[in-house]
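In: Sequence and predicted structure are below.
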Amino acid sequence: MADYIPSLEKVQLGLEAVWGDLAAPTVQLVGITDCRITPHVEAAQIPDKRGTTMPAYIASVNKLSGEAEVSGVVCYSHFRHWLDALFGIDATPPYTYLADLDAAVAIRSFLLCHGQEDVTYSMGGAILDSLRIQGPTNGPLTFTAHLMGKGVTDDILEVLTDDAVVLAMGHHCQLYLDPIGGPIGNTEILNTAFSFEANITVDRKLVWHLGSLNPSSFRHGKWGGSLRLVLEMTSAMQDILDAALAQTVSPGAYAVRIKATDSLATSILTLDMAGHLLAAPVLFTDNDGVSTVELDLTPVFSSDATFLSCWGASLVLP
């Protein structure tokens, strides 16, 4: 084995057709800044009675699994893989996604492979249970994906080439803010937003059955998460703040659309969210000397006929 040099690491994805089929990698991810695969081996000693003071004589391995966290910059074309894994596969462009009400859409699972020549590990059946997307004013959008899957094994990297990609940037973004009744994406908020952080979660669980040391399936749960918007304190934003503080029956509820369009207008990433303002915004926040308001939204179902969900996304590619 040669010396392990972190700068030689690669991250590759095998796109599984069936959960856990360990498909060989066909995608070499670009823009990944960190990847950590953590194996979980649950083992236990058996403290049987042997007429001795020794702690144990026998032990068993009870179950195997793994988890991973992958972080990087948002590249329009590669981000489709993460949206397929979060919301469900859409094979037909333009790609549209929705947090569905009955978990009927098949999600993408991966063989996640990380390492360098001679020192590589992989996790099959890797499914997403959270995706955090952050958008700053000056710089690229970034993401962090959390995955869980089968037991971690040693592997080898495939010989793959790096794709040419286009980064999604903060200066590509437009923000729309409407009442939850919709329609979503109707009212653009110009020259006001500083940043956003969307944390999309779904309560997926690995499941073990008799006859399997690794998980043999998984189950879906409820959607959740949060969206934070950092906005300049304008008169329009003060109206939202005042309305939130004046609520006595039901908290304020809004539909938010964040739309990133590249300079050629050929790649478009849209994120939609319907949410409640459950907590009162903190008063008199600041962004580099500019007064701001920070809105923290918790997802809720929207009955707007153009949405009918709490989270959604779409992706247009050349």
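Out: Received it, and whenever you're ready, just let me know what you need.
In: Need phi/psi at S7.
Out: The phi/psi pair for S7 (degrees, to the nearest 10) reads phi -70, psi -10.
In: Repeat that for R108.
Out: The phi/psi pair for R108 (degrees, to the nearest 10) is phi -80, psi 130.
In: Likewise for W82?
Out: The phi/psi pair for W82 (degrees, to the nearest 10) is phi -70, psi -40.
In: residue ranges for the strands of the stretch 201-318 of the chain, please.
Out: 205-207, 217-219, 223-232, 253-261, 268-276, 285-287, 290-299, 311-316 (DSSP state E, counting those that start in this stretch).
In: how about TSV for those strands, with distance to R50 and mean pLDDT added?
Out: (Each C-beta comes from the backbone N, C-alpha and C, glycine too.) As requested, these are exported to TSV (distance: least, C-beta to C-beta, whole Å; pLDDT from 0 to 100):
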stretch	distance to R50	mean pLDDT
strand 205-207	35	98
strand 217-219	38	97
strand 223-232	49	97
strand 253-261	63	97
strand 268-276	59	98
strand 285-287	64	90
strand 290-299	55	95
strand 311-316	56	98
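In: Let me know which of those is tucked in deepest.
Out: Highest mean neighbour count among the strands of the stretch 201-318 of the chain (mean count of other C-beta atoms under 10 Å): strand 268-276, with a mean of 23.
In: which residues sit against that one?
Out: 74, 76, 79, 133, 168, 180, 184-185, 198, 226-227, 251-262, 297-302, 304, 307, 309-316 (C-beta atoms under 8 Å, 6 or more residues apart in numbering).
In: just how off-centre is it within its chain?
Out: How far strand 268-276 lies from its chain's middle: 13 Å, per C-alpha atoms, centre = their mean, to the nearest Å.
In: tell me the mean pLDDT for the longest helix belonging to the chain?
Out: Determined from DSSP state H, the single longest helix within the chain is helix 235-246. Average pLDDT, helix 235-246: 88.
In: name the helices or strands packed onto that helix?
Out: Under the contact criterion of 3 or more C-beta pairs under 8 Å, 6 or more residues apart in numbering; DSSP states H and E, helix 235-246 touches strand 290-299.
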